[in-house]
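> just coords:
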């Protein structure tokens, strides 16, 4: 069932751990988790719902497919606060849409806001997890979104809740109203956000776009986007 369909489906049990600890270590090292975040590889038999008190659950594909980084940006925090669900309840598909939108806005020199995001996307729920479907009357701004993620619910870890310094709640209401909103088709910002492909974005580009602060202090490179030795805007990067 496509996540874009505005329907509710029966709940399913969360699957148990199913990924190699070596990949977890690569995540910690590759994305520079400091020791105080206390990222934990789950024990066998645990599920994503078994985060200890004071910890949250995150999924591998948030980072590898959704361009998510810690600490989370203010825009990500505002999305979680506005829609009222916990990041552990978000699917990787939802993460892709949020982070793509954030990058697309920044590539056009505008600050991403919930109000702008809301014009394009409707909150949806699929098998207990939250994502965002295209709003019917709005233009589509994400080309080729991923249709599925293999075993993503089984590839999770626990980390201190302080890494996202907002109060997050576990949304319990199953009902999501379909929103009929006027589309701001005449607004300059709406017209400037053009349809672009989904891309896995390199760290230097995310840093330059203020979507990650993970850049080696010892690096002699500057986190800017270049192509064939020349500076290039972020927007064109999405089409390379």
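Alright, I've got the coordinates. The model shown is predicted, which means the values in this text are computed figures rather than measured ones. Residues are numbered from 1 along each chain as shown.
> tell me which element the residue most central in space within the chain is part of?
Residue closest to the mean C-alpha point of the chain, counted by C-alpha atoms, centre = their mean, is residue 95 at 2.4 Å. Taking DSSP states H and E as the criterion, residue 95 maps to helix 92-107.
> which is the succeeding secondary structure element to that helix?
Next helix or strand after helix 92-107 toward the C-terminus (DSSP H and E): helix 114-120.
> hey, where'd the strands end up in this structure?
Here the chain has its strands, by DSSP state E, at 55-59, 121-126, 129-134, 142-143, 156-160, 196-197, 226-227, 230-231.
> gap between the two ends of stretch 128-144?
Using C-alpha to C-alpha, to the nearest Å, the end-to-end distance of stretch 128-144 comes out at 24 Å.
> select, out of the strands of the chain, the one closest to residue 28.
Proximity to residue 28 (C-beta to C-beta) singles out strand 156-160 among those, at 8.5 Å. For the C-beta atoms, the positions are set from N, CA and C on the backbone; glycine is no exception.
> how far does the closest one sit from the chain's center?
Centroid separation for strand 156-160 versus its chain: 16 Å, with C-alpha atoms, centre = their mean, to the nearest Å.
> now do stretch 107-126
Centre-to-centre, stretch 107-126 and its host chain are 12 Å apart (C-alpha atoms, centre = their mean).
> stretch 54-62 now?
Distance of stretch 54-62 from the chain centroid (C-alpha atoms, centre = their mean) equals 11 Å.
> same check on stretch 151-158?
Taking mean C-alpha positions (C-alpha atoms, centre = their mean), stretch 151-158 and its chain are 15 Å apart.
> so for it, mean pLDDT?
On average, the pLDDT along stretch 151-158 is 93.
> tally of neighbours for residue 104?
Counted with other C-beta atoms under 10 Å, the neighbours of residue 104 add up to 23.
> with the one 3 residues further on instead?
Residues contacting residue 107 under the criterion other C-beta under 10 Å number 21.
> what about residue 198, distance to residue 158?
Distance of residue 198 to residue 158, given as C-beta to C-beta, to the nearest Å: 28 Å.
> between those two, who's got more neighbours?
Neighbour count, other C-beta under 10 Å: between residue 198 and residue 158, residue 158 has more, with 21 against 18.
> in the chain, what residue spans correspond to helices?
Ranges of helices within the chain are 21-30, 60-64, 74-83, 92-107, 114-120, 188-192, 203-208, 234-237, based on DSSP state H.
> most tightly packed of those?
Highest mean neighbour count among those (mean count of other C-beta atoms under 10 Å): helix 92-107, with a mean of 23.
> where are the low-confidence patches of the chain?
Scanning the chain with the threshold set as pLDDT under 70 gives 1-13, 15, 17, 215-240.
> what about 80?
Residue ranges of the chain with pLDDT under 80: 1-18, 147-148, 173-175, 178-180, 204, 208, 214-240.
> against residue 27, how distant is the closest residue to residue 185 other than its chain neighbours?
Counting by C-beta to C-beta, 6 or more residues apart in numbering, residue 191 is the residue found nearest to residue 185 once chain neighbours are left out, at 7.6 Å. Counting by C-beta to C-beta, the gap from residue 191 to residue 27 is 38 Å.
> equivalent analysis for residue 111, please.
From residue 111 over to residue 27 the distance is 29 Å, taken as C-beta to C-beta.
> try residue 161
On the measure of C-beta to C-beta, residue 161 and residue 27 end up 18 Å apart.
> same question for residue 141.
29 Å.
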